[in-house]
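Participant: Test case, fold it:
(chains A and B)
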Amino acid sequence: MITSRIIETRAAPINVLSGGSGPDLLFLHSAGGITAENPFLQALAAKYRVFAPQLPGYGDSGDSDNVRDMLDVTLHSFDVLEALGLEKPILVGHSLGGMIAAEMAALRPREVDRLCLIASAGLWLDAYPVPDIFTLLPREFPAYMFHDAEAGARMMATGGNMNDPAFLIPFLVTNARQLGMAGKFLFPIPERGLKERIHRIRARTVLVWGDSDRIFPAPYAQAFKGLIKGAELVSVPEAGHQLVLEQTDAVMAAIARLD
Amino acid sequence: MKFTWFNLMPWPDLPEDFREKNRSVWVDIDQALFDPVRCHEVYNDYLDLLEYADQLGYDGVGINEHHQNGYGLMPSPNIMAASLARRTSKAAVVVLGNSIALYNPPIRVAEEFAMLDIMTGGRFVAGFPVGTSMDTNYCYGTIPGLTRERYAEAHELIIRAWTEKKPFAFNGRYTKLRHVNLWPNVLQTPHPPIHIPGGGSVETYDFCLDNTYSYSYLSFSGYLRAKALMDGYWRRVAERGADMSPYRAGFAQTVFVAETDEEAERLYSEHAFYFYNRCLHVYPGFADAPGYRTIKTIQSGNLNQYMRPNYPTLTWKDLVDGGYIIAGSPETVRQRFEELIRGLHVGNLFLLLHVGNMPKEKCMYSTKLFAEKVMPHLRDMWPEYADDGRFWCKPIARRAVPAPVGHAEMVPAK
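Facilitator: The predicted structure is shown next:
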């Protein structure tokens, strides 16, 4: 059972979803955000005491004008950790969340000893330009996000009519709040110098990647593996960028390597 | 009234099937459609037209900034303005404007505008748009959620650079300069008048009122659809207790003039269709990066790019009756403009007399008819505000005159 509560941070009031019992685990969500109903979050809660803070601008967290760049959001994430009273939880991040988790592990290597990066953002390879997610229309997302685009489309279905202002306006507000914040770290190129700092990571690191990730394809997984000493790579078949939803069990098994 | 003859400088050779074969006229438009030799002619024609408007007595000649697109060929309007500074003599050069969030450091704008102000002898009107999301975010890479903060800082720096007549240090978040000291600096006092293109956000209304800037609504959907937005602006002006001078506002209108209404349709309809169907064919994914608009603006329901009409299905009659365009005989056009000017309560008009792929001669015909048979009747529509000089330029009386072409052959006097 997932519950939520608001904690105060300098950046904004932050809504933290939490649940389960077991080892402490901090999960940092992707640019798409996270809700209490998320099946991956529920799977994590079945095994861990999981905390999933929503970034400023996401869900019930407040907006923040003073989170502008990568250092701001990284320090903000430490503020959240501090406010929750967590000591060295397993740190797991998906996509944008992976980018933030990697920065945290690089910034304070002695405070992060177990790290799992799932389809992480943070690097840029000229030979594999990342699709510009900020230009995608809602109907275009599933093909980029999922191995099985049709099943993905059913999972992402908003159930609303884009021509109806009563649906469209709240949809656009949510989109502007969330991706407006994510854009500070991902727009127009999702790279903010992590490669200059990533060598500082000392955590035991597991990388988890979908074989059919069309946002950060396989060479990105290899690049992370090459840059983080001792990192282990788990490739997940029949999974795209949303592998946490498409192959939840395989991702859980990969995280278990840090037990 | 102030009439500015405005040219977007569209690319005139987008193919018939452009819409079907291309996803966007902006950002990722096909390089194969561009021809620099043809562009050489196009620029020359467009500058000829702007210079022609100066000779016919328009109050201003207007240009603006756009990037990577076939809708308007002016990444740097200041280059066009520099050319116009020498080849026009009466009209204000209206640069509407420079997207100040895109310049690093933004004093580049302060410097170039100061140069233009001086070169024109004070015949200069400045504009500071945020820029479209296509230009600002997708072409120039400005982070959408930080665009407005960057804009506000650039604005503060530019105004201080123009008005503080001694060196100062500027410790901004985005620009840090230890020595700001423009040299040359602006000619007009305290600085050139400033027009702000806006799209209906209350923040922009207040920004204009706080700084005595003119609010310009530059849309292509015409004056009937602009009414609600402009009413919102004037309500805000009244709430703030400011005077109701119509020169606090400007409006852009597409216009075609011929001898008769029928002739207007016959001569110009193909160019109107070209503009609405090809030049405005922007991929929706480029129209509005998340974070570019403020939450307040989205909540106000001003979603014109989502709710915009399906242009390809509009006929000439739809365009005319719906007020997207004003077209017809001088008498028809005069009547429509009276409605527009009174209805929107505007003193500054930006006239889109060149539209889409209109050839130069046709455009000159329409431009001349408007100047001679329409403009004189509209000129004095706001007699009670005739002396309001706050929103227009103040040229010096004795302006230097460029030497005639061929003067190198003249014998210099000893």
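Participant: what comes up buried for stretch A:154-162?
Facilitator: A:Met156 (16 or more other Cβ atoms under 10 Å in any protein chain shown). Heads up, the C-betas are built off the backbone N, CA and C, glycines and all.
Participant: got the contact list for it?
Facilitator: A:138, A:141-142, A:145-146, A:167-168, A:171, A:242, A:245, B:306 (Cβ atoms under 8 Å, 6 or more residues apart in numbering or on different chains).
Participant: model confidence over it, on average?
Facilitator: Stretch A:154-162 shows a mean pLDDT of 78.
Participant: Return the distance of that stretch from the chain's centre.
Facilitator: Here stretch A:154-162 is found 22 Å from its chain centre; the criterion is Cα atoms, centre = their mean, to the nearest Å.
Participant: Regarding it, how distant is the last residue from the first?
Facilitator: 17 Å (Cα to Cα, to the nearest Å).
Participant: Whichever of the contacts of stretch A:154-162 end up buried, select them in PyMOL.
Facilitator: Applied in PyMOL, the following selects the buried portion of those according to 16+ other Cβ under 10 Å:
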select buried, chain A and resi 141+142+145+146+168+171+242+245
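Participant: so of the contacts of stretch A:154-162, which ones are in strands?
Facilitator: Among the contacts of stretch A:154-162, the subset assigned to strands under DSSP state E is empty.
Participant: Quick check: the farthest pair among the contacts of stretch A:154-162?
Facilitator: With distances taken as Cβ to Cβ, the most widely separated pair in these is A:Leu245 and B:Tyr306, at 28.2 Å.
Participant: for the residue of the stretch 201-350 of chain B found nearest chain A, helix, strand, or coil?
Facilitator: Nearest residue of the stretch 201-350 of chain B to chain A: B:Gly291, at 2.6 Å (Cβ to the nearest Cβ). Under DSSP: H, G, I helix; E, B strand; the rest coil, B:Gly291 falls in the coil class.
Participant: quick one: it and B:Leu116, what's the gap?
Facilitator: Distance of B:Gly291 to B:Leu116, computed by Cβ to Cβ, to the nearest Å: 32 Å.
Participant: A:Asn181: which element?
Facilitator: Slight slip there: residue A:181 is Met, not Asn. helix A:165-186 (DSSP states H and E).
Participant: That helix and chain B in contact?
Facilitator: Yes - shown here: helix A:165-186 in contact with chain B (Cβ under 8 Å from any Cβ of the partner chain) through A:165, A:168-169, A:172-173, A:175-181, A:183-184.
Participant: could you dump those to TSV with pLDDT?
Facilitator: Shown next, in TSV, are these (pLDDT from 0 to 100):
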residue	pLDDT
A:Pro165	83
A:Leu168	85
A:Ile169	89
A:Leu172	90
A:Val173	93
A:Asn175	93
A:Ala176	95
A:Arg177	96
A:Gln178	97
A:Leu179	97
A:Gly180	97
A:Met181	98
A:Gly183	98
A:Lys184	98
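Participant: neighbour-wise, which of these leads?
Facilitator: For those, the largest number of neighbours (other Cβ atoms under 10 Å in any protein chain shown) sits with A:Met181, at 27 neighbours.
Participant: Which parts of the chain are strands?
Facilitator: You didn't say which chain, so I picked chain A. For chain A, the strands defined by DSSP E cover A:3-8, A:13-19, A:24-28, A:49-53, A:90-94, A:114-118, A:204-210, A:232-236.
Participant: Hmm, no, I was thinking of chain B.
Facilitator: For chain B, strands defined by DSSP E occupy the ranges B:2-6, B:60-63, B:92-96, B:124-127, B:168-171, B:176-180, B:194-198, B:214-217, B:249-257, B:325-328, B:348-352.
Participant: Neighbouring strands of the fourth one in the sheet, and parallel or not?
Facilitator: This points to strand B:124-127. Using DSSP bridges, the strands paired with strand B:124-127 are strand B:92-96 (parallel), strand B:194-198 (parallel).
Participant: Could you check whichever helix or strand comes after that strand against chain A for contacts?
Facilitator: Using DSSP H and E, the next helix or strand after strand B:124-127 towards the C-terminus is helix B:133. No - judged by Cβ under 8 Å from any Cβ, helix B:133 stays clear of chain A, getting no closer than 9.7 Å.
Participant: what's the distance between helix B:133 and the middle of its chain?
Facilitator: On Cα atoms, centre = their mean, the centre of helix B:133 falls 16 Å from that of its chain.
Participant: For A:Arg10, list the residues it contacts.
Facilitator: A:66, A:76, A:79.
Participant: where in the chain is pLDDT low?
Facilitator: Assuming you mean chain A. A:158 (pLDDT under 70).
Participant: wait, chain B
Facilitator: Flagging of chain B using pLDDT under 70 yields the residue ranges B:302-308, B:412-414.
Participant: Point out the residues in it that sit beside chain A.
Facilitator: Residues of chain B lying near chain A (Cβ under 8 Å from any Cβ): B:137-138, B:141, B:143-146, B:149, B:173, B:283-286, B:289-293, B:295, B:298-299, B:301, B:303, B:306-307.
Participant: at 7 Å what do you get?
Facilitator: Residues of chain B lying near chain A by Cβ under 7 Å from any Cβ of the partner chain: B:141, B:143-146, B:284-286, B:289-291, B:293, B:295, B:298-299, B:301, B:303, B:306.
Participant: Got a ChimeraX select line for the buried ones in the residues you listed?
Facilitator: The buried residues among the residues of chain B next to chain A can be selected in ChimeraX (16+ other Cβ under 10 Å) with this line:
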select /B:143,144,145,146,285,286,289,290,291,293,295,298,303
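Participant: Can you name the residues of the stretch 1-150 of chain A that neighbour chain B?
Facilitator: Within reach of chain B by Cβ under 7 Å from any Cβ, the stretch 1-150 of chain A has these residues: A:68, A:134-137.
Participant: returning to that earlier point: out of the contacts of stretch A:154-162, who's nearest B:Gln55?
Facilitator: For these, the minimum distance to B:Gln55 (Cβ to Cβ) is 42.2 Å, reached by B:Tyr306.
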